[in-house]
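Asks: how would this look folded up:
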Amino acid sequence: QVQLVESGGGLVQAGGSLRLSCAASGRTFSSYVMGWFRQALGQEREFVAAITRTAGLTYYADSVKGRFTISRDNARNTVYLQMNSLKPEDTALYYCAASAVRAPLSIRAVAYDYWGQGTQVTVSS
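Replies: This next block holds a predicted model:
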């Protein structure tokens, strides 16, 4: 069992930055692929970024590529999402998730076994 707690969301002006953190419980954090997803009001949850167990590989949605950076610190059981050049369309509830998938990483929400409660990011124009 893994418990995930996100933090770092808030209100920011367009062009600004935020850094989301996701703290995981348990001793097996390094055995999970970690991902970030987001869900805007009235829309389906969408993939944002994922990182492999050893942080050797990352993958991003096209909409955030070049602006967002996912990273992890296995010693601290924490995954991060650095978000720069934020746009109003980035406004959403952001979730971190952990996956025991055998593949190096996954962009599919159904592949993730554990989810946090979400942290709200609001970008004003």
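
Asks: would you list every one of the strands in the protein?
Replies: 4-7, 10-13, 18-24, 33-39, 46-51, 58-60, 68-73, 78-83, 92-99, 114-115, 119-124 (DSSP state E).

Asks: Residue 88 contacts residue 121, correct?
Replies: No: counting by C-beta atoms under 8 Å, residue 121 is not a contact partner of residue 88; they are 10.8 Å apart. Using the backbone N, CA and C atoms, a C-beta is placed for each residue, glycine as well.

Asks: between those two, who's got more neighbours?
Replies: The neighbour comparison of residue 88 against residue 121 (other C-beta atoms under 10 Å) goes to residue 121, with 22 against 11.

Asks: looking at it, the more buried one is touching residue 9, isn't it?
Replies: Yes: using C-beta under 8 Å, residue 121 is in contact with residue 9, at 4.8 Å.

Asks: Spit out the residues that contact the two alike.
Replies: 18, 20, 94 (C-beta atoms under 8 Å, 6 or more residues apart in numbering).

Asks: wait, which of the residues you listed is closest to residue 67?
Replies: Nearest to residue 67 among these: residue 18, at 11.3 Å, using C-beta to C-beta.

Asks: Chain neighbours aside, what residue packs nearest to the closest one?
Replies: Excluding the flanking residues, the one nearest residue 18 by C-beta to C-beta, 6 or more residues apart in numbering is residue 83, at 5.0 Å.

Asks: Let me know the pLDDT of the one you found.
Replies: pLDDT recorded at residue 83 is 98.

Asks: Same check on residue 102?
Replies: Note for residue 102: predicted pLDDT of 87.

Asks: With residue 74 instead?
Replies: You'll see residue 74 listed with a pLDDT of 95.

Asks: Run a quick neighbour tally on the residue nearest to it when sequence neighbours are not counted.
Replies: With C-beta to C-beta, 6+ apart as the criterion, residue 74 has its nearest non-adjacent residue at 4.2 Å, and that residue is residue 30. Look at residue 30: counted by other C-beta under 10 Å, it has 14 neighbours.
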